[in-house]
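S.K.: From the sequence below, what's the structure:
(one chain, ligands or ions: 1)
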Amino acid sequence: MNTKEEISGVVELSRGVYWVGAIDWNGRDFHGFTTPGGTTYNSYLVIGKKTALIDTVKAPFAEEMLGRISKIIDPSKLDYIVVNHMEPDHSGSLAELKKQTNAKIIITKKGLDILNGYFREAGSEKWDIETVKTGDQLDLGGKTLIFLEATMLHWPDSMETFLKEDRILFSNDGFGQHIATSKRYDFEVGNVLPEAAEYYANILMPFHIALLRYFKLIEEMKIEPLQIAPSHGIIWKQDLEKILAEYKAWANGEVKEKVLVIYDTMWNSTEIMAKEITEAIWATGVKVKMLNLRKNARSLIMKEMLDAAAFAVGSPTLNNGVFPTVGDFLIYTKGLRPQKKKAIAFGSYGWGGGAVKIIEQELKNTGVDVLEPGLQVRYRPSEEDLEKCREIGKRLADVAKKQ
Ligand code: FEO
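M.R.: You can find the predicted model right below:
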């Protein structure tokens, strides 16, 4: 670890407002979300007559954050710590920080319940804690923090904080992306909308109703930010309108003329079917992606799923069930509940069969509109089977064109 003097990278967002977070250059997995580009845990320091730290960082990065805070103020002089969200990637350094400061913790009521679960010492050490709700304000002297509960974006406790004078929205998980970079702003790193889409698909997609509620709330509260500063990735300034428009489209489940063919294969029969379906879709002019589950991370597939109108899922039957990677995909997808999708199942078998029925049932349980019947072929697909694959491709392409 660097000494405090060596830690650099503090960035001033506006007068008296600083990024003091940490970069996780080597983070490659975020609770099942593959992050080949690493991530960041963003903390922000707001200095008025009093001082507030907005969010902390994952526990192993506490020293890095404290080093950056120390470039601006002595951490022991902090007056407030705003805990927008108790998931440990943002609250993990609280205990370390509390060793150095008596700052009052500002948190939602639901957040306090989680805090007491993660930090059992909070009660015995008599941590100074105040709960807030939507519309509450904290006057730092020249800087006013306004709190808004963003329930389920991403946990029940999630909150966002708006800095009134500078019009900066500290959005915590909302509008985040998993990118490790030495730059802090969108205009410094180029287009990060694809990373934001991947983040949304894997973290926030199940909560689209909460997101629609949130947009109504910020409109009612007249929250009109000039900067959106999330707790992962870069800060939105140049592309702020673009990311807001994308989030509204995603929350509404808007899809494109796009189809995915998602599969795994054992002895190539299911792959032969996948290729035939893919080429039939391609021939119609509809955008198609063929995604082998052993070659593509589940999180990348969910990014592609976000704006796809339809998809096919293929699996060989293995021990009367689906292939393990297909099972993983189905369970992961069920949790993320993609909206407004149509899908069809296909696969190969030797004697008992069963994978196609399992896929159909799991997709129905996910809320996907399943096109039946699916296609199950024995051993190698015959010419007649391949014709059925082409029909599936055309059917999926038609579905996508009608969106
Ligand atoms: Fe980035 Fe829900 O934590």
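S.K.: For the closest residue to the ligand within the stretch 1-150 of the chain, the count of nearby residues, please.
M.R.: Taking Cβ to the nearest ligand atom, the ligand has its nearest neighbour within the stretch 1-150 of the chain at Glu87, 3.6 Å off. Any C-beta I mention is one placed from the backbone N, CA and C, and that applies to glycine too. Residues lying near Glu87 (other Cβ atoms under 10 Å) number 19.
S.K.: Contact partners for the closest residue to it other than its chain neighbours?
M.R.: Closest residue to Glu87 apart from its sequence neighbours, by Cβ to Cβ, 6 or more residues apart in numbering: Trp155 at 6.0 Å. With contact set as Cβ atoms under 8 Å, 6 or more residues apart in numbering, Trp155 has these partners: 85-87, 114.
S.K.: Which of those are buried, as a PyMOL select command?
M.R.: In PyMOL, a selection of the buried entries from the contacts of Trp155 looks like this (16 or more other Cβ atoms under 10 Å):
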select buried, resi 85+86+87+114
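S.K.: Where does the prediction get shaky in the stretch 1-150 of the chain?
M.R.: Within the stretch 1-150 of the chain, the ranges that satisfy pLDDT under 70 run 1-6.
S.K.: All the helices of it, residue numbers only.
M.R.: Remark: helices assigned in the stretch 1-150 of the chain by DSSP state H, counting those that start in this stretch are 62-72, 88-91, 94-98, 109-118, 121-124.
S.K.: and Val189, which of these is closest to it?
M.R.: Val189 sits nearest to helix 62-72 of all the helices of the stretch 1-150 of the chain, at 19.5 Å, using Cβ to Cβ.
S.K.: roughly how far is the closest one from the heart of the chain?
M.R.: For helix 62-72, the distance from its own C-alpha centre to the chain's C-alpha centre is 26 Å (Cα atoms, centre = their mean, to the nearest Å).
S.K.: Now do it: which elements does it pack against?
M.R.: strand 17-19, strand 22-24, strand 44-47, helix 94-98 (3 or more Cβ pairs under 8 Å, 6 or more residues apart in numbering; DSSP states H and E).
S.K.: closest one to Leu138 among these?
M.R.: strand 44-47 (9.7 Å).
S.K.: Check which helices and strands that closest one is in contact with.
M.R.: Counting by 3+ Cβ pairs under 8 Å, 6+ apart, strand 44-47 packs on strand 17-19, strand 51-54, helix 62-72.
S.K.: Turn those into CSV, columns for distance to the ligand and mean neighbour count.
M.R.: Shown next, in CSV, are the helices and strands packed on strand 44-47 (distance: least, Cβ to the nearest ligand atom, whole Å; neighbours: other Cβ atoms under 10 Å):
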stretch, distance to the ligand, mean neighbour count
strand 17-19, 16, 21
strand 51-54, 13, 25
helix 62-72, 15, 21
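S.K.: Excluding chain neighbours, what is closest to Trp250?
M.R.: According to Cβ to Cβ, 6+ apart, the nearest residue to Trp250 is Tyr200 (5.4 Å).
S.K.: And Gly111, by the same measure?
M.R.: Using Cβ to Cβ, 6+ apart, the nearest residue to Gly111 is Asp157, at 3.6 Å.
S.K.: Counting neighbours, what do you get for that neighbour?
M.R.: If we define neighbours as other Cβ under 10 Å, then Asp157 has 24 of them.
S.K.: so it touches Asn116, yeah?
M.R.: No - taking Cβ atoms under 8 Å as the definition, Asp157 is not a contact partner of Asn116, at 11.6 Å.
S.K.: and stretch 246-262, how far from the chain's centre?
M.R.: 15 Å.
S.K.: That one spans what distance, first to last residue?
M.R.: 25 Å (Cα to Cα, to the nearest Å).
S.K.: which of the residues in that stretch are buried?
M.R.: So stretch 246-262, judged by 16+ other Cβ under 10 Å, has buried residues 246-247, 250-251, 255, 257-262.
S.K.: circling back to that earlier point, where does the residue nearest to Gly111 sit: helix, strand or coil?
M.R.: coil (DSSP: H, G, I helix; E, B strand; the rest coil).
S.K.: just use 44 as the starting number from now, easier for me
M.R.: Sure, I'll start numbering at 44, so the last one becomes Asp200.
S.K.: and the protein, which residues reach the ligand?
M.R.: Applying Cβ under 6 Å from any ligand atom, we find that the chain lies next to the ligand at 128, 130, 132-133, 197-198, 216, 274-275.
S.K.: one step back: distance of the residue nearest to Glu130 from Ile148?
M.R.: Using Cβ to Cβ, to the nearest Å, we find Trp198 at a distance of 17 Å from Ile148.
S.K.: what do you get for Leu269?
M.R.: Taking Cβ to Cβ, one finds Leu269 at 28 Å from Ile148.
S.K.: Name the residue in these two with the higher neighbour count.
M.R.: Ile148 (22 against 13).
S.K.: and the residue nearest to that one when sequence neighbours are not counted, how many residues sit next to it?
M.R.: Using Cβ to Cβ, 6+ apart and skipping the chain neighbours, the partner closest in space to Ile148 is Ile172 (4.5 Å). Residue neighbour count, defined by other Cβ under 10 Å, stands at 17 for Ile172.
S.K.: list the contacts for Ile172?
M.R.: 147-148, 150, 155, 158, 165.
S.K.: picking up where we left off before, which of the helices of the stretch 44-193 of the chain sits closest to Lys338?
M.R.: Closest among the helices of the stretch 44-193 of the chain, using Cβ to Cβ: helix 131-134, at 28.0 Å.
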